[in-house]
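[1] give me a 3D structure for the following:
(one chain, ligands or ions: 1)
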Amino acid sequence: VTGAGGGVGLACVRRFARTHSLVLAAPTRESLAQAEAVVVDQEASFTSVLCDVSNADAVAELARVAGEQGPLGALVHTAGLSRSMADGRHLLAVNLVGTALVVQAFLPLATRGSVAVCVSSIGAHRRAVEELDEMLLDPHEPGFASRLEARLPLRERAGLAYDLSKRGVIVLCEREARAWGSRGARIVSLSPGPIDTPMGHLEARRDAGGLERLAAFGRVASAAEVASAAALLCGPDASFVTGCDLRVDGGILAGIRYHAPPAVTAAWNSLRSEEPVEPA
Ligand SMILES: NC(=O)c1ccc[n+]([C@@H]2O[C@H](COP(=O)([O-])OP(=O)(O)OC[C@H]3O[C@@H](n4cnc5c(N)ncnc54)[C@H](O)[C@@H]3O)[C@@H](O)[C@H]2O)c1
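    Modelled structure (predicted):
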């Protein structure tokens, strides 16, 4: 579990500790300690690795340690930043290039029955963002972020960079399905709407909340609900589910498409326009 000390990460640690021995990955000791406390509480076995997912060497070390623990059951990649946390360049480096590094490093560990689940976001499902897929095909390649920025000025547009980074996660999982499949393994993304986590609260303050009013249930997700969806995708009942994205948004996107005022739907379907963002 990457991002193991985050809101969704901790929920995944709690959920997967019931069934798996865990490799916990987080970028700080403090964050790792939070995840370790959860596993210790559940008396599950675990190994901890400090890992900044945007650092290729650190990701290679994470995969090496994971490979020593036995066959790969599940990779649950929750590490990420939201648009209030960093500028556009950093968001791409962590959310998309970092995901590409993790998926690439874990592929050699994949074996029959292994599953990778990468967390995307409903921001990736804005219609105008979906149309930019061809710009997002090569996050593994050197200079990817610079080439993208040459086409779209992203450094000052953290919201757009976030949406694109998460779109890139979906595209990556689609494209990697064949390679994972050749090993009898699966790879999928999941796209939550707002979640009751520190990141979710930070972004809700900024946007004055509201998206959840469009959900079928009129509320945000709990982190445990997102972890349950990840567990579902990792389980045998999802044996033919690969190369696709599961929306775990309580019906928000459906609400935006069919039940929101036309201005809200139109704004959602455009690229985010925004004032330059001061990173938190
Ligand atoms: N919270 C929401 O409302 C929401 C909505 C849609 C998607 N998501 C996505 O869900 C995932 C989990 O979010 P969360 O709500 O648990 O947020 P969170 O901030 O609680 O957790 C994210 C974790 O990622 C870790 N992280 C950040 N940068 C990292 C790096 N460079 N290397 C390794 N780890 C790093 C952080 O330490 C943190 O523990 C993220 O990918 C996020 O983009 C969240």
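[2] wait, residue 212 touches residue 218, no?
    Yes. Applying CB atoms under 8 Å as the test, residue 212 and residue 218 come out as touching, 6.4 Å apart. Where C-beta positions appear, they are placed from N, C-alpha and C, glycine not excepted.
[3] so which of these two has more stuff around it?
    Set residue 212 next to residue 218 and count neighbours by other CB atoms under 10 Å: residue 212 wins out with 20 against 12.
[4] helix, strand, or coil at that one?
    helix (DSSP: H, G, I helix; E, B strand; the rest coil).
[5] now the nearest residue to it once chain neighbours are set aside: how far from the ligand?
    What sits nearest to residue 212 in space, not counting adjacent residues and going by CB to CB, 6 or more residues apart in numbering, is residue 220, at 4.8 Å. Distance check for residue 220 against the ligand: by CB to the nearest ligand atom, to the nearest Å, it reads 7 Å.
[6] from what I see, residue 220 and residue 200 are in contact.
    Yes. Between residue 220 and residue 200 a contact is recorded at 6.2 Å, counting by CB under 8 Å.
[7] burial count for residue 246?
    18.
[8] pairing partners for the helix or strand harbouring it, with directions?
    Taking DSSP states H and E as the criterion, residue 246 maps to strand 245-248. Note on strand 245-248: by DSSP bridges, its sheet partners are strand 186-192 (parallel).
[9] extract the C-alpha set from the partner strand and format it as PDB.
    In PDB, the C-alpha atoms belonging to strand 186-192 read as follows (Å, rounded to 0.1, in the frame of the first residue of the first chain):
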ATOM      1  CA  ARG A 186      -4.800  -7.400 -13.700                       C
ATOM      2  CA  ILE A 187      -4.500  -3.600 -13.400                       C
ATOM      3  CA  VAL A 188      -7.300  -1.200 -12.800                       C
ATOM      4  CA  SER A 189      -7.900   2.400 -11.600                       C
ATOM      5  CA  LEU A 190     -10.600   3.700  -9.400                       C
ATOM      6  CA  SER A 191     -12.000   7.200  -9.300                       C
ATOM      7  CA  PRO A 192     -13.400   8.500  -6.100                       C
END
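[10] which residues does the residue lying closest to residue 53 once chain neighbours are set aside contact?
    Nearest non-adjacent residue to residue 53, counting by CB to CB, 6+ apart: residue 98, 3.5 Å away. Contact analysis of residue 98 by CB atoms under 8 Å, 6 or more residues apart in numbering lists 53-54, 59, 79-80.
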